[in-house]
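Student: Kindly return the folded structure for what I paste below:
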Amino acid sequence: MTQDRPSPTFNSALVTGATGFIGRRLCERLNACGIRPLALIRTSTDRNRLAAVEAFADIRTIDADPEALATALSSPAPEVTFHLAARYVATHEPHDIADLVSDNVGLTASICEAVTAAGCRNLIYAGTAWQNAGNDPGDPTPNPNTLYAATKQAGDEIIDYYARKRDLNSVTLKIYDSYGPGDTRRKFLTVLAETFTAGRTLEASPGDQRLHIVHVDDLVDGFVHAANLMVTGKLPGRHSHTLPSPDAISLRELADTWMAATGNDVDIAWGATAHRPGEVMVPWEGDPLPGWAPRILLRDGLRDLQV
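Tutor: Here you go, the predicted model:
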């Protein structure tokens with residue numbers, strides 16, 4: 001997995017969101033490179049998800065209190081913090097609001113306060129391209145399309161504050177869609193595979209929305225590469241970049257590519273459902289991370305996901 005992939009130039013790391021799809025893969029990569037990261041896990045974390053990470057990281061179960069976090073990180077402070085923890089809700093209901101704000105805004109502030117107090121000066125933040133949904137290419141003006149994206153933008157602005165006032169070197173990496181082995185999220189590719197196995201017809205939107213979709217190992221490359229740039233002084237201060245695929249494709253094209261790669265045909269009733277509220281039809285094009293590009297061709301990555 002690590003062959004021909006970026007190797008860390010740092011010696012220690014903290015990872016939040018380590019039980020998530022990308023966070024778990026990042027911990028695996030760091031561990032394979034000889035860095036056993038510290039994973040901050042909330043006391044409420046499901047034990048089954050925790051078990052998948054324990055082989056690759058040192059687990060520290062803790063709540064989001066800044067003073068407790070600072071104490072937990074002070075001996076010694078990690079060289080790099082990867083802040084991937086977040087709560088995702090595509091279309092929120094009133095009961096989602098408190099948790100979205102707590103997990104995406106409050107936790108980000110607590111992490112920034114704790115790591116800067118502990119002496120960590122390098123932070124990589126997992127943002128989302130939805131923070132700029134609908135903008136013209138290259139326009140960095142915040143334009144969130146969902147409450148989730150709005151709370152991620154609020155977290156970004158909290159990091160701006162710590163970058164200015166606490167000399168925190170920080171990079172936001174705005175992610176589009178991701179895929180790869182071991183993905184248990186209810187994403188389109190998962191539903192596609194389940195529909196094939198069940199022999200059903202998949203009722204879908206018109207499928208004309210376009211998206212960037214990137215393999216999880218390429219995204220992990222981006223996080224490691226960004227951290228390397230920071231610790232070697234090549235990317236000091238505050239920055240924001242994207243991790244896109246070479247070309248955006250439509251959902252229909254993604255389905256066709258999956259079927260061609262796996263040899264599995266699925267009957268899809270395109271247009272049987274409407275686009276969900278706030279659907280991004282054309283992805284915003286931001287400033288890609290310098291020196292990074294995805295390596296895994298979509299068809300090759302999808303071939304590994306055969307059911």
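
Student: Where do the domain boundaries of this protein fall?
Tutor: Per automatic domain parsing, the structural domains of the chain span 13-179+212-243, 188-211+248-281+297-303.

Student: Which of those domains sits closest to residue 287?
Tutor: domain 13-179+212-243 (5.4 Å; C-beta to C-beta). Yep, even glycine has a C-beta here, placed from its N, CA and C like the rest.

Student: what's the model's confidence in the closest one, averaged?
Tutor: Per-region confidence: domain 13-179+212-243 scores 92 on mean pLDDT.

Student: for it, the distance to its chain's centre please.
Tutor: Distance of domain 13-179+212-243 from its chain centroid, counting by C-alpha atoms, centre = their mean, to the nearest Å, is 8 Å.

Student: what's the closest non-adjacent residue to the most centrally placed residue in the chain?
Tutor: The chain has residue 126 as the residue nearest its centroid, 5.1 Å off, counting by C-alpha atoms, centre = their mean. Among residues not flanking residue 126 along the chain, residue 84 sits closest, at 4.4 Å (C-beta to C-beta, 6 or more residues apart in numbering).

Student: How about the secondary structure of residue 130?
Tutor: Using DSSP: H, G, I helix; E, B strand; the rest coil as the criterion, the local structure at residue 130 reads helix.

Student: Quick check, it in contact with residue 144.
Tutor: Yes. Residue 130 lies in contact with residue 144 (C-beta atoms under 8 Å); the separation is 6.3 Å.

Student: Which one of these two is surrounded by more residues?
Tutor: residue 130 (24 against 19; other C-beta atoms under 10 Å).

Student: if I've got this straight, the residue nearest to the centre of the chain is in a helix?
Tutor: No. With three-state DSSP as the criterion, residue 126 is located in strand rather than a helix.

Student: and it, how far is that from residue 247?
Tutor: Distance, residue 126 to residue 247, by C-beta to C-beta, to the nearest Å: 23 Å.

Student: got it, and residue 15?
Tutor: If you go by C-beta to C-beta, the gap between residue 15 and residue 247 works out to 30 Å.

Student: just residue 287 next, same as before
Tutor: From residue 287 to residue 247 the distance is 17 Å (C-beta to C-beta).

Student: So between these two, which is more surrounded?
Tutor: Legend: neighbour count by other C-beta under 10 Å for residue 287 and residue 247, higher for residue 287 (13 against 9).

Student: For that one, grab phi and psi.
Tutor: The phi and psi values for residue 287, taken as degrees, to the nearest 10, are phi -100, psi 110.

Student: Tell me who's in contact with it.
Tutor: Each residue near residue 287 by C-beta atoms under 8 Å, 6 or more residues apart in numbering is listed here: 138, 140, 240-242.

Student: repeat for residue 302
Tutor: So residue 302 contacts 179, 189, 257-258, 261-262 (C-beta under 8 Å, 6+ apart).

Student: Need phi/psi at the residue of the chain most remote from its centre.
Tutor: The C-alpha centroid of the chain is most remote from residue 199, which lies 31.6 Å away (C-alpha atoms, centre = their mean). Dihedral angles of residue 199 (phi, psi; degrees, to the nearest 10) stand at phi 70, psi 30.

Student: What of residue 39?
Tutor: phi -110, psi 120.

Student: who touches it in this structure?
Tutor: Residue 39 neighbours (C-beta under 8 Å, 6+ apart): 14-16, 18-19, 23, 27, 53, 57-60.

Student: what do you get if the cut-off is 7 Å, keeping everything else the same?
Tutor: 15, 18, 27, 53, 57-59 (C-beta atoms under 7 Å, 6 or more residues apart in numbering).

Student: got it, and residue 205?
Tutor: Residues in contact with residue 205 (C-beta under 7 Å, 6+ apart) are 273-275.
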